[in-house]
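Enquirer: The following comprises the amino acid sequence and a computationally predicted model.
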Amino acid sequence: MAKVDNPAANASGRAPRSAAQPRSAAPPGTAAPYRSAAPPLTERQRERRRRILHATARLACRGGFEAVQMREVAESSQVALGTLYRYFPSKVHLLVATMHDQLEQLHGTLRKSPPSGETAADRVAQTLMRAFGALQREPRLAEAMARALTFADRGVSPEVDQVSRQTTAIILDAMGGLENPTPEQLSAVRVIEHTWLSTLITWLSGRASLAQVRVDIATVCRLIDLTDAGVRGRAPRPGPVGSG
């Protein structure tokens, strides 16, 4: 049984309202559901947040989901436990935010060394397999972040949305940096995102081989070719015929 960091925290690791701060008066850095208006973080606050996320990743790399205990994260990142709860009201918030941070770092790496496939589908498949490879190198961290995503409820929606937006940005960049994707293209991107996460969870649970993951990712990325063909196949409607 995992130990509980805060005697008053519930089973999900969420602090009670007194520890997590009232929603109407949350300090900067608190997750979106706990504040009505979020002023930009100061440099000191951004640095504190970085330390927290890096400490979380280190703990998860060593022991997975159960190893990420709020008290240990606070001690490792050198912040007070109450401060940690104001930034991240639960360990699920914390791990989902860690996944966003990991994807953000990956996006930076991909921009420096973009995929080289001939088609958009090839480039997206290559990109997602590179992302998969990065997570594969730290399976305990990957498992912890994936579990947090599956446990996330409505209170974690802003953090989950950040992960989704970051994944979408990575895919759109691989497609060629689309600035105004069509609804069909965005729909394909969502399906690709869902498939990528599903294959990650399936691989982590030992129910799929890496070869099967590669096949599934390549297959779903063909949706991009279909949507591209649909966009190219839309002929503009003829205008009214002039009288002379």
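Expert: Happy to help now that I have it.
Enquirer: switch to C-alpha atoms for all contacts and neighbour counts from now on
Expert: Noted.
Enquirer: Let me see the contact set for His75.
Expert: Small correction: residue 75 is Glu, not His. When the contact criterion is CA atoms under 8 Å, 6 or more residues apart in numbering, the partners of Glu75 are Leu81.
Enquirer: Off-centre distance for the strand or helix carrying it?
Expert: Under the assignment given by DSSP states H and E, the secondary-structure element containing Glu75 is helix 70-77. Using CA atoms, centre = their mean, to the nearest Å, the distance from the centre of helix 70-77 to the centre of the chain it belongs to is 22 Å.
Enquirer: Repeat that for stretch 104-114.
Expert: Here stretch 104-114 shows a centroid-to-chain-centroid distance of 15 Å under the convention CA atoms, centre = their mean.
Enquirer: How about stretch 153-167?
Expert: 7 Å.
Enquirer: Repeat that for stretch 53-72.
Expert: In this view, stretch 53-72 has its centroid 17 Å away from the chain centroid, taken as CA atoms, centre = their mean.
Enquirer: Any buried residues in it, and which?
Expert: Using 16 or more other CA atoms under 10 Å as the test for burial, stretch 53-72 gives 53-61, 64-65, 67-72.
Enquirer: same thing with stretch 71-83?
Expert: Under 16+ other CA under 10 Å, the buried positions of stretch 71-83 are 71-74, 76-77, 79, 81-83.
Enquirer: Over to stretch 139-150?
Expert: Neighbour-count burial for stretch 139-150 flags 139-149 (criterion: 16+ other CA under 10 Å).
Enquirer: again with stretch 196-203
Expert: If you call a residue buried by 16+ other CA under 10 Å, then stretch 196-203 has these buried ones: 196, 199-201, 203.
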